[in-house]
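Participant: Predicted model, plus sequence, below.
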Amino acid sequence: MRLPPGPCAGGTFIQKTDGPPVRSAQQRNRAVDILIQQILNGLSIASVITLIAVGVTLIFGLTGIINFAHGEFLMIGSIVTWLAVQAGLSFYLALVLAILAVGVMGFVLERGLFRFTLTRPTNGFIVSLGLIVVLQHIVIFFYDPNQKSIPRPLTGIWDVAGVRIASVRVMVILVTIAVVALTFVMVTRSRYGRALRAAVDDRDTAALMGIPVRRYITGVFVLGSALAGLGGALLIALFPITPFTGGTMVMKGFAVALIGGLGNLTGAVVAGLILGIVEGFSAGYGFSAWTDAYSFALMILVLLFRPNGLFGGTSGPKMA
Amino acid sequence: MNTPLSSLRSLAPALVVLAILAFVPAIGASNRMLSLAISAGINIVALYGLSVLFGQTGILSMGHAALVGVGAYAAALLARDTGIGFWLALPIGGIAAAAFAAVIGVPSLRVSGHHFVIMTFAFGQLLTIVLTNGGDFTGAATGLDLQLPVGFFGMRADDLVPYYFVVLAFVTLSAIASWAIINSPYGRTLRAIRENEKLAASLGINVGRHKIGAFVVSGVFAGVSGVLLAYFLRHISPSQFASFPSIYLALMVMIGGARLLLGPIAGGILVSFLPEVLNLDPVQSRILYGVCLIAVILLLPNGLIAGLADGWQRLFGASRKQAPSPAAGGKHASEAGR
């Protein structure tokens, strides 16, 4: 363990000249280092979860469909990435392939299945449960239930003022920020986004105003699926995955979407950030066995006091 | 709404089927068949609870396996720490699961219908995490063993054939209990909530309390089913009560149809025996379940049995004047809604 760096290296450390002996200052800094590392780790996982949450929240807002199979879409994205990397493609090409493949899958499933459940969201939800089972076991059928991993696309580890930062995690966070920001701008600024929000607000009136609502529903489903594909590619860059990874990830995605308010894009992003920091803190303080419980506990707490989420959600499209 | 006679008639098919099932050991079913039948029966007990919740009240629980787990762990812990055996564990397991259901239900039902499924799912996951992290008390990830024998008036009832009858008796009991609930004023209140929550509330029905009540009632069924499961498997672990068993329970109730008394029996038996009959490995059979679930929801939204009955009526009830199709479609939509 090296000594605390000089004052120029970062404002996070308080240089002690007197008071506690050097050793305890070192220990404290070490603890801070680990904490920062863990928060970065938490944020990189939370990035993937945020990608799910954004897809879930967009799809729910417009269609009212609670698509639990979204985690499986993510897992398929990971599998496509894994296959492509195995075939010798570069990770970034594999990532694009995963986005495309899962996007196409979303299109096919929306046209083939979810279209028929638009008037009955509960049925859509149950269809998605069936899809979970089918998609998972198709992957197990063709491959196997074991862990799958790819070599890390970025192996560099930066040493910033004693904090060891894996570049792959930074890449995941940055890609997520870029994509979520792009989605955000698209939804809030473009005319397509305005039409989309109009359709969320009142599907019938939007249709009367000449907005092709059905096409928007398909479009949002494809967009959400593509985000899940991207999330899957990023996830397998961080961790090995199994065909069952989607299950826990989608629960966290839903937890984040609910904490933020289902249907609320900003809420999903902020809640993703909160979850990332909470999970990072807990891992940093040695409660890692309970990491999976936080998202659920947080969700239950938030819904107890603010049933519509922290930022207020929609209750889905209004059904006649 | 129903005269006593016609409501009795609705119980009859279920009792006939159960009476026929009582002859299964007599025709020399193999041990494998018997144990499949027992696990199907244990599921059916829980399914009856789920059918009160989903079929009558119209709310779906995706964490039902967790309630089964509460019953199972209650049985195992009681046996280990206090030596309390099977028969006392049954009511205690039922009460424990009901209490847990109340704990889940109060916060979950505060949020609107859409979110309830997610909340129950989350609680199911939480329970698995708690059981896994519970150390020696819950046996952590390896779970607990259960060694106490099942006695019945001085005889041992652990073997497959006697235990089959024990489970069958409980299936019959739960069918009757579920029938009694459906045909009581309480059941009518639940259906009123299912059909139109706002209208029910305007008639002075305390919607929230009745929903929680229905969830607690279904918890009793799940707890009893859990005790039966623990004494059948003799070893329980957290993964048995995680999210997937919950999905399978929901799948069974959907495939069978939640509103009919025969639905849980049909769903439980079909889902347990179909892979065996078709000679599929577990992976293939699960793919098949998923496809079945999707097909049933899209094609026969009221479940398989209701779909068959519908088809029967369409084939042989042609003399009855068919309603014009738009009206029929409308009725369908309102029934399948939630």
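Facilitator: That came through fine. Bear in mind the structure is a predicted one, so any value in this text is a computation, not a measurement.
Participant: Would you check that residue A:257 makes contact with residue A:50?
Facilitator: No: assessed by C-beta atoms under 8 Å, residue A:257 is found out of contact with residue A:50, at 9.5 Å. No exception for glycine: its C-beta is placed from N, CA and C like everyone else's.
Participant: what touches both of these two?
Facilitator: In terms of C-beta atoms under 8 Å, 6 or more residues apart in numbering or on different chains, residue A:257 and residue A:50 are both contacted by the residues residue A:268.
Participant: Which of those two has more residues huddled nearby?
Facilitator: residue A:257 (35 against 31; other C-beta atoms under 10 Å in any protein chain shown).
Participant: quick one: pLDDT of the more buried one?
Facilitator: With respect to pLDDT, residue A:257 has a value of 85.
Participant: and what of the one 3 residues further on?
Facilitator: In the predicted model, residue A:260 carries a pLDDT score of 83.
Participant: same deal with residue B:326?
Facilitator: For residue B:326, the pLDDT comes out at 41.
Participant: For residue A:252, see how far away the spatially most central residue of chain A is.
Facilitator: Centrality entry for chain A: nearest residue to the mean C-alpha point is residue A:49, 2.3 Å, by C-alpha atoms, centre = their mean. Using C-beta to C-beta, to the nearest Å, residue A:49 is found at 5 Å from residue A:252.
Participant: which neighbours do the two share?
Facilitator: A:275, A:295.
Participant: Against which helices or strands is the helix or strand encompassing residue A:32 packed?
Facilitator: Assigned by DSSP states H and E, residue A:32 belongs to helix A:22-63. Applying 3 or more C-beta pairs under 8 Å, 6 or more residues apart in numbering or on different chains; DSSP states H and E, one finds that helix A:22-63 contacts helix A:70-86, strand A:163-166, helix A:167-189, helix A:191-201, helix A:213-238, helix A:245-260, helix A:265-284.
Participant: burial count for residue A:209?
Facilitator: Using other C-beta under 10 Å: residue A:209 sits among 12 other residues.
Participant: Which residues are in contact with it?
Facilitator: So residue A:209 contacts residue A:198 (C-beta under 8 Å, 6+ apart).
Participant: what do you get for the one 10 residues further on?
Facilitator: With contacts defined as C-beta under 8 Å, 6+ apart, residue A:219 is in contact with no residue.
Participant: can you list the weak-confidence ranges in the stretch 101-250 of chain B?
Facilitator: Filtered on pLDDT under 70, the stretch 101-250 of chain B yields the residue ranges B:110-115, B:134-136, B:138-139, B:141-142, B:148-158.
Participant: could you show me where the helices are in it, in order?
Facilitator: All helices of the stretch 101-250 of chain B, identified by DSSP state H, counting those that start in this stretch, fall at B:113-132, B:135-138, B:160-182, B:185-195, B:197-202, B:207-233, B:243-256.
Participant: Save these as JSON lines, and put in distance to residue B:44 and mean neighbour count too.
Facilitator: As requested, those are exported to JSON lines (distance: least, C-beta to C-beta, whole Å; neighbours: other C-beta atoms under 10 Å in any protein chain shown):
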{"stretch": "helix B:113-132", "distance to residue B:44": "20", "mean neighbour count": "23"}
{"stretch": "helix B:135-138", "distance to residue B:44": "27", "mean neighbour count": "12"}
{"stretch": "helix B:160-182", "distance to residue B:44": "5", "mean neighbour count": "19"}
{"stretch": "helix B:185-195", "distance to residue B:44": "19", "mean neighbour count": "18"}
{"stretch": "helix B:197-202", "distance to residue B:44": "29", "mean neighbour count": "13"}
{"stretch": "helix B:207-233", "distance to residue B:44": "8", "mean neighbour count": "26"}
{"stretch": "helix B:243-256", "distance to residue B:44": "8", "mean neighbour count": "25"}
